[in-house]
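pasting the structure only:
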């Protein structure tokens, strides 16, 4: 019986030594560490890369919308009158500034003229044109005849006109909808007409 026990103990010790040696070798073995570290950091790297792409794209859209508002307001303020065809051509031309983005289905340009009559102190919306896109939004300045909500609380002299262009654009991230969601971009620009009061003809309310 004792020889059998001694044999079993010897086998157990040899197995234990081999297992211990394998474990020590495993601790010293660094093969695959880089792959493991990459696997752990890859999701964060992907998120940072896509986030940086979407942020740069968002800034670009902001700049394009800002330039669009400035261009329309500046062009309109150069004339004495504005017809519907002139406004429509201007809206269509200004949408070129948003390319390659699709402005027709996701944007809208609203052009408003505000003024203060000589018999009142409030500034009201005198006329308004819309175009360039089909986005369903309302002017933040107000509708025709309303007291105008002019940015910066500007004051106007009697019969002094102010041209305000509003640009609305519904921006949807390419990759980051889950993180960023949809963003409505809003830009405006204001100019005083260079040639006195700017009136409109039929077609532009």
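Nice, I can see it. Just so it is clear, the structure is predicted and the values come from calculations on it, not from any experiment. Numbers count the residues shown, from 1 in each chain.

Helices along this protein, start to end?
2-28, 33-76, 84-94, 177-180 (DSSP state H).

Go ahead and confirm residue 167 touches residue 67.
No - in this structure residue 167 lies outside contact range of residue 67 using C-beta atoms under 8 Å: 9.2 Å. For the C-beta atoms, the positions are set from N, CA and C on the backbone; glycine is no exception.

out of these two, which sits in the more crowded spot?
Neighbours were tallied for residue 167 and for residue 67 using other C-beta atoms under 10 Å; the higher tally belongs to residue 167 (29 against 16).

Residue 165: neighbour count?
Applying the criterion other C-beta under 10 Å, we find 28 residues in the vicinity of residue 165.

now residue 194
Look at residue 194: counted by other C-beta under 10 Å, it has 11 neighbours.

go on, residue 98?
Using other C-beta under 10 Å, residue 98 has 21 other residues around it.

Repeat that for residue 55.
Here the neighbour count serves as a burial measure; for residue 55 (other C-beta under 10 Å) it reads 13.

what's near enough to touch it?
Listed by C-beta atoms under 8 Å, 6 or more residues apart in numbering, the contact set of residue 55 is empty.

mind checking pLDDT for the residue nearest the centre of the chain?
Centrality entry for the chain: nearest residue to the mean C-alpha point is residue 58, 4.3 Å, by C-alpha atoms, centre = their mean. According to the model's per-residue confidence, residue 58 sits at a pLDDT of 84.

now it: how far from residue 127?
Distance of residue 58 to residue 127, computed by C-beta to C-beta, to the nearest Å: 33 Å.

Also residue 104?
Here the distance between residue 104 and residue 127 works out to 24 Å (C-beta to C-beta).
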